[in-house]
Structures are given as C-alpha cells and as structure tokens.
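A.B. asks: Got a predicted model here, sequence first, then my questions.
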Amino acid sequence: MIENKNQSRTSLEQLGEFGLIEHLTKDFPIQQESTIKSVGDDAAVLSFEKEKVVVSTDLLIEGVHFDLAYAPLKHLGYKAVVVNISDICAMNAVPTQITVSIAVSNRFPLEALEELYEGIKLACNYYKVDLVGGDTTSSQTGLIISITAIGKANEDEIIYRSGAGDNNLLVVSGDIGGAYMGLQVLEREKQVFLVNPNSQPDLSMYDYIIERQLKPEARTDIRQLLKDLDVHPTSMIDISDGLSSEIFHLCTQSKVGCNLYEDKLPLDPQFINTCEEFNIDSTTMAINGGEDYELLFTIKMEDFEKVKANPNLTIIGHTTQESEGLHLITRANTKIPLKARGWNPLANNEEE
C-alpha cells in the first residue's frame with residue numbers, strides 16, 4: 001500500500017515546490033569528482049575533462065510500469081535509479097550522476113515521498129552516483145517518475161548496438177526471465193488479496209524472482225570483468241524489454257542475423273519451478289519477459305576461450321549474415337523464426 005494509515009501525513013502544500021526539493025535532497029552526499037555543483041541552483045555543473053559523456057532518460061508511470069499495490073515506494077525509488085544506470089552500463093560507461101523529476105497527486109503525503117527518496121538515496125550510495133537536479137510537479141493520474149542518468153567513458157571504451165559483425169558470439173550476463181515470473185506471482189497474489197484482504201501470502205519460495213522484479217540490480221560489474229578478461233564487445237544492449245526484443249534491436253542496427261540456442265539460455269531453478277507451477281513454457285517466458293537488466297553483447301569468435309568458463313557470462317548463440325534472418329534453435333534442433341514479443345511501451349501490453 002502507499003503508506004501506513006497510522007503514520008502522520010504532511011501535506012506537500014506546506015513545503016511548496018522548492019521546500020520539497022530541498023527537504024528530499026538535503027542528505028544526498030557528493031561522491032563524484034566530476035560533480036562541481038549539484039542541487040540548489042538553476043542547473044548542475046559537471047566537469048568530465050577529456051572523457052565522453054553518455055546520457056539516458058527513462059519514464060516510469062503508475063499503472064503502466066508499476067503497481068503500488070505490491071511495489072513498496074522505497075523499492076520503487078531504488079529500481080527507478082537502476083533502470084537508468086543499466087542503460088549507462090549498456091554503453092560500457094561508468095554512471096556518475098542522475099536527475100530525478102516526479103509528478104505526484106494529492107493522495108501522496110510528504111512521508112510517502114520520503115520513502116521513495118530513501119530508495120533513491122540507497123541506489124545513489126550503492127552505485128556511487130550523485131543526485132544533481134530534477135523537478136517536482138502535480139499529477140492528476142498518480143505517480144510519475146522521470147530519471148536521467150549521466151555517465152562517462154573514454155571514446156574507445158564506448159560500445160554501441162550497431163557494432164556486431166558476422167559470426168560474432170552472442171553473450172548474456174546473469175540469468176533471464178526471473179523478473180517477469182516475479183511479476184506474475186505478485187499479480188496472482190494481488191488478485192487473491194482483492195478477494196480476501198485478510199490473506200497473508202507466503203512468498204518465501206519465490207524470494208529470488210520477486211527480488212528480480214521489485215529490486216533489480218544494474219550490471220556495473222561487467223565493464224571491469226570484461227576489461228580483466230581482455231575482451232572488448234562489438235555491440236551491447238541491456239535487457240529491459242525482453243531478450244528477443246533486444247536481440248532484434250541489436251541485429252537490426254548491426255545489420256546481421258542470428259541463431260539463438262534454446263538449450264543455452266541461463267535459467268534460474270526458481271524461475272523454472274515457477275513456470276511449471278503456472279503451466280507456462282519457460283523458454284517463452286525467458287526470451288519474452290523483460291526487466292532483467294542483464295547485459296546482452298556480442299564478442300569476436302577468437303574471444304571464446306576467454307569467456308567460456310566465466311560463471312557470470314553465458315554464450316547463447318552467434319550472429320549470421322543478415323540475409324539468414326533471426327532464428328531460435330530448439331532443444332530438438334529445429335530452426336524456427338525468432339519473434340519479438342517483449343514489452344512494447346506504446347502498445348496495450350499485459351506485462352510490464
């Protein structure tokens with residue numbers, strides 16, 4: 001729920017816009033040398049000297065991207081930062097600063113926003129990024145969060161979606177599909193709660209996949225891991241809209257085809273068990289479910305030996321000539337066209 005009904009409620013009108021911003025951001029320490037001036041003036045001042053700057057923005061809207069029936073505000077604040085930092089990681093850059101803008105309806109007291117910003121602060125501290133600006137305004141439709149993330153990298157370190165070549169290896173970090181199945185569990189329990197508000201669900205057997213949904217992490221570690229392995233990916237993207245959709249983005253911009261192997265997909269046992277419980281196909285969920293925030297990238301074939309045994313990375317396929325198209329090679333060794341059924345933010349999706 002939005003807040004504990006027994007807590008005190010402070011109207012946002014009591015503070016005003018500038019008072020609210022000052023109140024919510026006063027305890028955010030500066031952690032980056034590139035931050036010259038953060039919150040408190042007309043604009044932030046940043047200095048990156050000779051490094052290139054990368055910038056990404058994401059919008060999260062209540063009822064579209066999150067449901068406050070089961071998403072605690074503290075978790076939501078943390079996740080909103082992670083979503084943006086993940087985009088910086090996908091450029092092989094280091095996240096350094098964020099700006100946060102929110103639109104809120106009058107059902108949110110100050111205490112609710114303090115919870116949200118506590119999550120934002122936790123993420124800033126964990127990822128060593130500075131909050132350097134933002135905006136607040138009113139909303140007639142619930143909570144809206146817009147975060148812009150800023151990062152830095154040397155020019156030769158930046159990786160684009162468009163760099164994959166023919167016969168590159170397709171590699172993914174971590175495991176996939178868990179966040180989407182976590183969402184399915186939460187949606188099911190929400191329906192049970194609506195029928196019986198006194199029910200108390202036991203979610204311990206779903207702890208990993210629910211955490212993947214409510215409190216994901218950005219793979220800031222992969223940049224250094226690849227550097228230590230002496231591997232420079234040819235292309236990269238983060239998995240926010242589903243593996244199949246991201247493969248389409250990467251292959252389309254690189255003008256290549258690909259073969260994705262079903263038996264190579266990295267799936268967590270809890271994810272597989274939950275798919276069986278829901279009687280749905282684990283491969284379909286793994287390649288179409290979004291919000292894993294893992295990194296998908298391509299490497300040259302000669303780098304195979306460097307990554308093949310790394311527990312953080314899995315080789316799931318390879319690129320082909322563009323004319324061959326995109327295919328899924330099933331466990332039965334059948335070659336079927338790969339379709340992108342991931343999250344489309346402009347369509348009426350059922351999933352996030």
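C.D. replies: Thanks, I have the structure now. Numbering: from 1, shown residues only.

A.B. asks: In the sheet, which residues pair with Leu59? Tell me.
C.D. replies: Beta bridges link Leu59 to Ser146 when assigned by DSSP bridges.

A.B. asks: wait, doesn't it sit right on Ile144?
C.D. replies: Yes. Counting by CB atoms under 8 Å, Leu59 touches Ile144, with 7.0 Å between them. C-beta coordinates here come from the backbone N, C-alpha and C atoms, glycine included.

A.B. asks: Neighbour count: these two, which is higher?
C.D. replies: Ile144 (18 against 14; other CB atoms under 10 Å).

A.B. asks: so which helix or strand takes in Ile222?
C.D. replies: Counting by DSSP states H and E, the element that carries Ile222 is helix 221-228.

A.B. asks: Show me the domain layout of this protein.
C.D. replies: Following the assignment in automatic domain parsing, the chain carries domains at 16-153, 161-337.

A.B. asks: any chance of those in JSON lines, with mean pLDDT too?
C.D. replies: As requested, the domains of the chain are exported to JSON lines (pLDDT from 0 to 100):
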{"stretch": "domain 16-153", "mean pLDDT": "89"}
{"stretch": "domain 161-337", "mean pLDDT": "96"}
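
A.B. asks: Turn those domains into a markdown table, including distance to Arg9.
C.D. replies: Formatted as a markdown table, the domains of the chain follow (distance: least, CB to CB, whole Å):
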| stretch | distance to Arg9 |
| --- | --- |
| domain 16-153 | 4 |
| domain 161-337 | 22 |
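
A.B. asks: nearest to Ser8, of these?
C.D. replies: Proximity to Ser8 (CB to CB) singles out domain 16-153 among the domains of the chain, at 6.8 Å.

A.B. asks: Stretch 203-222: end-to-end distance?
C.D. replies: Start-to-end span of stretch 203-222 (CA to CA, to the nearest Å) is 30 Å.

A.B. asks: What lies in contact with that stretch?
C.D. replies: Stretch 203-222 is contacted from outside by 70-72, 75, 78-79, 82-83, 85-86, 88-89, 94-95, 127, 173-174, 178-183, 185-186, 189, 238, 268, 270-271, 274, 291-295, 312, using CB atoms under 8 Å, 6 or more residues apart in numbering.

A.B. asks: ok, of those, which come out buried?
C.D. replies: 70-72, 75, 78-79, 82-83, 85-86, 88-89, 94-95, 127, 173-174, 178-183, 185-186, 189, 238, 268, 270-271, 274, 291-295, 312 (16 or more other CB atoms under 10 Å).

A.B. asks: Please enumerate the helices of the stretch 251-352 of the chain.
C.D. replies: Secondary structure of the stretch 251-352 of the chain, counting by DSSP state H, counting those that start in this stretch: helices at 269-278, 282-288, 304-307.

A.B. asks: Please work out which of the ones you listed is packed deepest.
C.D. replies: helix 282-288 (a mean of 21; mean count of other CB atoms under 10 Å).

A.B. asks: Kindly export that helix (C-alpha atoms) in CSV.
C.D. replies: Provided in CSV are the C-alpha atoms of helix 282-288 (Å, rounded to 0.1, in the frame of the first residue of the first chain):
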residue,chain,number,x,y,z
SER,A,282,10.0,-21.5,-19.6
THR,A,283,11.7,-20.6,-22.9
THR,A,284,8.8,-18.4,-24.0
MET,A,285,8.9,-16.6,-20.7
ALA,A,286,12.8,-16.3,-20.7
ILE,A,287,13.0,-14.7,-24.1
ASN,A,288,9.9,-12.5,-24.0
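
A.B. asks: what's it packed up against?
C.D. replies: Other elements packing on helix 282-288 under the criterion 3 or more CB pairs under 8 Å, 6 or more residues apart in numbering; DSSP states H and E are helix 178-195, helix 243-254, helix 269-278.

A.B. asks: between the last one and helix 178-195, how many degrees?
C.D. replies: Helix 269-278 and helix 178-195 meet at an angle of 50 degrees, taking axes from the mean of the first three to the mean of the last three CA atoms, to 10 degrees as the criterion.

A.B. asks: does Met236 really touch Leu295, like I thought?
C.D. replies: Yes. Met236 lies in contact with Leu295 (CB under 8 Å); the separation is 6.2 Å.

A.B. asks: Could you tell me which residues touch both of those two?
C.D. replies: Ala90.

A.B. asks: Tell me which stretches of the chain form strands.
C.D. replies: Assigned by DSSP state E, the chain shows strands spanning 35-37, 45-46, 52-61, 94-104, 130-138, 144-153, 169-173, 235-238, 256-261, 295-299, 313-321, 326-329, 335-337.

A.B. asks: if I look at the residue nearest to Leu76 when sequence neighbours are not counted, how far off is Val45?
C.D. replies: Distances taken as CB to CB, 6 or more residues apart in numbering put Phe66 closest to Leu76, at 5.9 Å, once the chain neighbours are dropped. For Phe66, the distance to Val45 (CB to CB, to the nearest Å) stands at 32 Å.

A.B. asks: Same check on Thr96?
C.D. replies: For Thr96 relative to Val45 (CB to CB), the value is 13 Å.

A.B. asks: Out of those two, name the residue with the larger neighbour count.
C.D. replies: More crowded of Thr96 and Val45, by other CB under 10 Å: Thr96, with 26 against 11.

A.B. asks: List the residues that contact that one.
C.D. replies: Per CB under 8 Å, 6+ apart, neighbours of Thr96: 32, 34-35, 46, 129-130, 150-152.

A.B. asks: distance of Ser146 from Tyr293?
C.D. replies: To Tyr293, Ser146 is 18 Å away according to CB to CB.
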